[in-house]
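Student: please work out how this folds:
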Amino acid sequence: MKIAKLETFGTADVCFVRVTADTGETGWGQCSTYMADITAEVFHRQVAPHALGTRVEDLEDTLRLIYEREHKFPGSYLRRAQAGLDTAVWDLMGRVQGKPVAELLGGSAGRVRAYASSMKRDITPEDEAARFLRLRDAHGFTAFKWRVGAECGRDRDEWPGRTEAVIPVVSKALGDGVDKLVDGNSCYSPAKAIEVGRMLEDHGIGHFEEPCPYWEVDQTAEVRRALKIDVAGGEQDCELTAWQLAIEHGAVDILQPDIMYMGGICRTLEVCRMGHAAGLAVTPHAANLGLVTLCTMHLLRAIPNAGKYLEFSIEGPDYYPWQEGLFLGDPYRIEDGHATVTDAPGWGVEVNPEWLAAARHRVSER
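Tutor: Next comes the predicted model:
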């Protein structure tokens, strides 16, 4: 079975990919979100030409071939575009075999514990605590993550005193028996990160994500050595050499690859294997309700070193207006704090035809 046609349906924020085999079967995937119109251009110019005519079963080799043919263009955009091919082919294979992707990966359908992930910094500590409690009561979440510092903030806070307030206010509101996580988004120098980390330890928070600029691996390793709580990171990294470096330097306790940033399932599995060999858990980054979270659910049901939970964004249309109406039905229902991978073939979801009809459509075929 060979790849005969590759189509994109996109906006500036989202780009779905449909793969059609020479047998007529199809599958759906997605390039990474953000600047997705640029990624679609990369897809049709630098991914599709190398993939057309290759065997579906040779996906991993095809992805390596694309990297080799496009060796002058390493980095994020090529990986974001490759993710569309990878995830579409996995869906195609699942549909052909009548199995969910999780099963193709050696796992099974079933439940995945989720943590409620806040993306907001422009929210007061009191309002953050209040919405966490509403989500706990409505959906049974038993783990929550919120933001400290400012994104790439050079030790500055979102506003003066916010971090010192949001840590105790939210932690106290959630109480005992709840897992508590925070995200620094590359805000701090090592000294400041360690200072904030001590506050986290004092308030029962067990996960400190991306405390230092993510590209400064030695800085994150310094923070990890100084703290008792887990230090996590890696969401931005898309090249395997970066993961090798982070593992060799002992930078993190938890690896957080983003399937779409990495270039799809195949390359994310390489990171998972590297982590497993090093005794590290994998809790992937999945910060929106596009296809990335569904792909992550399937992955977590299959890998031996899956972390304790799935990242599940709690932001709605006020924060992510583009994620509304992407799929038919509700693939992201949370019950008792868990999401569910169904036994439906492939990713188990259908892209909304109305959304597709309004998107820009492009075709590459032999």
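
Student: burial count for Pro168?
Tutor: By the criterion of other Cβ atoms under 10 Å, Pro168 has 13 neighbours. (Each C-beta comes from the backbone N, C-alpha and C, glycine too.)

Student: identify the residues contacting the spatially closest residue to it that is not a sequence neighbour.
Tutor: Spatial nearest neighbour of Pro168, chain neighbours left out: His203 (5.6 Å); criterion: Cβ to Cβ, 6 or more residues apart in numbering. By Cβ atoms under 8 Å, 6 or more residues apart in numbering, the residues touching His203 are 167-168, 171-172, 180.

Student: check Arg18 too.
Tutor: With Cβ under 8 Å, 6+ apart, Arg18 has these contacts: 5-9, 26-29, 88.

Student: top of those residues by neighbour count?
Tutor: Counting by other Cβ under 10 Å, top hit in the contacts of Arg18: Ala88 with 31 neighbours.

Student: can you read off the pLDDT for that residue?
Tutor: For Ala88, the pLDDT comes out at 99.

Student: ok, for it, nearest residue in space, not its chain neighbours?
Tutor: In space, Ala88 is closest to Gly29, 3.0 Å off (Cβ to Cβ, 6+ apart).

Student: ramachandran coordinates for that neighbour?
Tutor: Reported as degrees, to the nearest 10, the phi and psi values for Gly29 are phi -140, psi -170.

Student: and the strands in the protein, which stretches?
Tutor: Using DSSP state E, the strands of the chain run over 3-10, 15-21, 26-30, 110-117, 143-147, 179-183, 207-209, 230-233, 254-255, 281-282, 310-313, 338-341, 360-365.

Student: mind putting the ones you listed into TSV with mean pLDDT and distance to Glu57?
Tutor: Below are the strands of the chain laid out as TSV (pLDDT from 0 to 100; distance: least, Cβ to Cβ, whole Å):
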stretch	mean pLDDT	distance to Glu57
strand 3-10	98	11
strand 15-21	98	11
strand 26-30	98	13
strand 110-117	98	26
strand 143-147	98	38
strand 179-183	98	39
strand 207-209	98	37
strand 230-233	98	34
strand 254-255	98	28
strand 281-282	98	26
strand 310-313	98	29
strand 338-341	98	23
strand 360-365	98	20
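
Student: please tell me how far the residue nearest the centre of the chain sits from Gly140.
Tutor: Closest residue to the average C-alpha location of the chain: Ala286 at 2.8 Å, with Cα atoms, centre = their mean. For Ala286, the distance to Gly140 (Cβ to Cβ, to the nearest Å) stands at 19 Å.

Student: next: Gly206.
Tutor: 20 Å.

Student: output the longest helix belonging to the chain.
Tutor: For the chain, the longest helix by residue count, based on DSSP state H, is helix 76-97.

Student: and the angle for that helix with strand 26-30?
Tutor: For helix 76-97 against strand 26-30, the angle by axes from the mean of the first three to the mean of the last three Cα atoms, to 10 degrees is 150 degrees.

Student: that older thread, surely the residue nearest to Ala88 and Ala81 touch.
Tutor: No. Using Cβ atoms under 8 Å, Gly29 is not in contact with Ala81; the gap is 10.9 Å.

Student: turn the contacts of His203 into TSV, columns for distance to Thr54.
Tutor: Putting those into TSV (distance: Cβ to Cβ, whole Å) gives the following:
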residue	distance to Thr54
Ile167	50
Pro168	55
Ser171	51
Lys172	56
Lys180	46
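
Student: list the ones among those that fall in helices.
Tutor: Per DSSP H, these map to helices at 167-168, 171-172.

Student: write the PyMOL selection for whichever of those residues are buried.
Tutor: This is how PyMOL selects the buried members of those, with burial counted by 16 or more other Cβ atoms under 10 Å:
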select buried, resi 167+171
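
Student: and the ones in helices among the contacts of His203, which two are furthest apart?
Tutor: Spanning the widest gap among the ones in helices among the contacts of His203 are Ile167 and Lys172, at 9.5 Å by Cβ to Cβ.

Student: per-domain residue ranges of the protein.
Tutor: 3-98+353-365, 103-341 (automatic domain parsing).
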